[in-house]
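J.: with the input below, show me the fold.
(2 chains)
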Amino acid sequence: GAVVSQHPSRVICKSGTSVKIECRSLDFQATTMFWYRQFPKKSLMLMATSNEGSKATYEQGVEKDKFLINHASLTLSTLTVTSAHPEDSSFYICSAWTSGSRLQETQYFGPGTRLLVL
Amino acid sequence: EDQVTQSPEALRLQEGESSSLNCSYTVSGLRGLFWYRQDPGKGPEFLFTLYSAGEEKEKERLKATLTKKESFLHITAPKPEDSATYLCAVQASHSSASKIIFGSGTRLSIRP
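T.: Predicted coordinates for the structure are as follows:
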């Protein structure tokens, strides 16, 4: 299967600071990546769709100025949580869409990033 | 509105006790149905993609089946290491940019 990495795996920051999370597709190119948020014992909540070379598409209720997404290359998307507050503490997971004959057409997920804002 | 409902919410089984997880979906034109496994504190791990009614796929003790309204994930003689949350997701033919809709998951616990 395809491999998607995330960095960092966990981060603790002070309220008011910004945090950047990287998502990389290691062995395939991904024109589309997704960012999710997950609360304890809850399912995945799609935050935004990230398209290489264009602006991200945000889901309703997600603040685009707070969660900045950049998809600068076919293997890298970043999520920056700006001016983080304790309520932004959560588990953030990225995924990358694959297509083509080698890999099944589906979303492959990264291992997630645990963010704790103090 | 496209919707995915999984049941039961939680399932506890004894090791070796086979069972099935259900995923009911309402979508205007199914492009694909996906099953994932998620362990605590980790990202979902891809298991299967099903495209049309009647299709079945197997992987070790797991078998996924698909009808026009629902999918089942059958677990045969489960082991404690099969304990995880199993997520079902669908992609509608009208959806843009590979977007998929997730169900709320079934938390499976296998007792030794």
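
J.: tell me the contacts of the closest residue to residue A:69 other than its chain neighbours?
T.: Counting by Cβ to Cβ, 6 or more residues apart in numbering or on different chains, the nearest residue to residue A:69 once its immediate chain neighbours are dropped is residue A:56, at 3.9 Å. Backbone N, C-alpha and C define where each C-beta goes, glycine included. Residues near residue A:56 by Cβ atoms under 8 Å, 6 or more residues apart in numbering or on different chains: A:48-50, A:64, A:69, A:71.

J.: go again using 10 Å as the cut-off
T.: Going by Cβ atoms under 10 Å, 6 or more residues apart in numbering or on different chains, residue A:56 touches A:33-35, A:47-50, A:62, A:64, A:67-71, A:77, A:79.

J.: and those, which of them are buried?
T.: A:33-35, A:47-50, A:62, A:67-69, A:71, A:77, A:79 (16 or more other Cβ atoms under 10 Å in any protein chain shown).

J.: among the contacts of residue A:56, which are in strands?
T.: The strands, defined by DSSP state E, take in A:33-35, A:47-50, A:67-71, A:77, A:79 from these.

J.: any idea how far residue B:6 is from residue B:42?
T.: According to Cβ to Cβ, to the nearest Å, residue B:6 and residue B:42 sit 19 Å apart.

J.: skipping adjacent residues, who's closest to residue 70 in space?
T.: Looking at chain A here, since you left the chain open. Among residues not flanking residue A:70 along the chain, residue A:78 sits closest, at 5.0 Å (Cβ to Cβ, 6+ apart).

J.: ah, no, chain B please
T.: residue B:24 is the one closest to residue B:70 (Cβ to Cβ, 6+ apart), at 4.5 Å.

J.: what helix or strand is that neighbour located in?
T.: In the assignment (DSSP states H and E), residue B:24 maps to strand B:19-26.

J.: show me which residues of chain B sit near chain A.
T.: B:4, B:6, B:9-10, B:31-32, B:34-36, B:38, B:40-49, B:51, B:85, B:87-89, B:91, B:96-105, B:107 (Cβ under 10 Å from any Cβ of the partner chain).
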